[in-house]
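Chemist: Test case, fold it:
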Amino acid sequence: MAEEEEQNHAETIQPSFPTSRVKKIMKLDKDINKVNSEALLLVSCCAELFLEFLTERSAEVAIQKKRKTVKLEHLRIAVKRHQPTSDFLLDSLPSPAQPADCPPTERARAHSTEKPLPSGTRRIDDFFHKGS
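Modeler: Numbering: from 1, shown residues only. From the prediction side, this is the model:
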């Protein structure tokens, strides 16, 4: 019985993401003041599994389109095909690129007509931009 406990302790889970970064992202929510180490581990592992799922699905789309490089359009298609992911993630993805034959003024206008965010929310990419 003691040997089983030693084996369980030897198999510690190490998430791929830096825990300090995950903790910072979690604390962006105003309702969260403190983060338990077990919750931090669980969120890190879940994020890792979710990203593995997205990359696998995006790679499948790229293979179906006979491409060797996974692009944003492949990610968008993979997200659209999976309804639970599409419900929350599709609005956060960057807009698809405008065609090259479109003049720059029309591209700028198309980008400025993004759907407004509900009050109190921010896009996820705002977290990764340096504040001025």
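
Chemist: Report the contact partners of residue 44.
Modeler: 15-17, 19, 22 (C-beta atoms under 8 Å, 6 or more residues apart in numbering). From N, CA and C alone the C-beta is placed, and that goes for glycine too.

Chemist: Can you tell me the closest non-neighbouring residue to it?
Modeler: Counting by C-beta to C-beta, 6 or more residues apart in numbering, residue 44 lies nearest to residue 15, which is 3.6 Å off, once chain neighbours are set aside.

Chemist: Let me know the pLDDT of the one you found.
Modeler: Residue 15 is assigned a pLDDT of 85 by the prediction.

Chemist: What of residue 92?
Modeler: Per-residue confidence (pLDDT) for residue 92: 85.

Chemist: do the one 4 residues further on as well
Modeler: For residue 96, the pLDDT comes out at 73.

Chemist: Isn't it up against residue 71?
Modeler: No. The criterion here is C-beta atoms under 8 Å, and residue 96 misses it with residue 71 at 10.0 Å.

Chemist: Look at those two and report which has more neighbours.
Modeler: Comparing residue 96 with residue 71 by other C-beta atoms under 10 Å, the one with more neighbours is residue 71, at 14 against 9.

Chemist: Burial check on the nearest residue to that one once chain neighbours are set aside, number of neighbours?
Modeler: Closest residue to residue 71 apart from its sequence neighbours, by C-beta to C-beta, 6+ apart: residue 62 at 7.3 Å. Applying other C-beta under 10 Å, we find 19 residues neighbouring residue 62.

Chemist: Can you give the contact residues for stretch 56-68?
Modeler: Contacts to stretch 56-68, defined as C-beta under 8 Å, 6+ apart, come from residues 69-71, 74-75, 77-78, 81-82.

Chemist: just checking, residue 90 touches residue 81?
Modeler: No. Between residue 90 and residue 81 there is no contact under C-beta under 8 Å: 10.9 Å.

Chemist: what is in contact with those two at once?
Modeler: Taking C-beta under 8 Å, 6+ apart as the contact criterion, residue 90 and residue 81 have no common neighbours.

Chemist: coming back round to it: from residue 51, how far out is the residue nearest to residue 71?
Modeler: Here residue 62 is placed at a distance of 16 Å from residue 51 (C-beta to C-beta, to the nearest Å).
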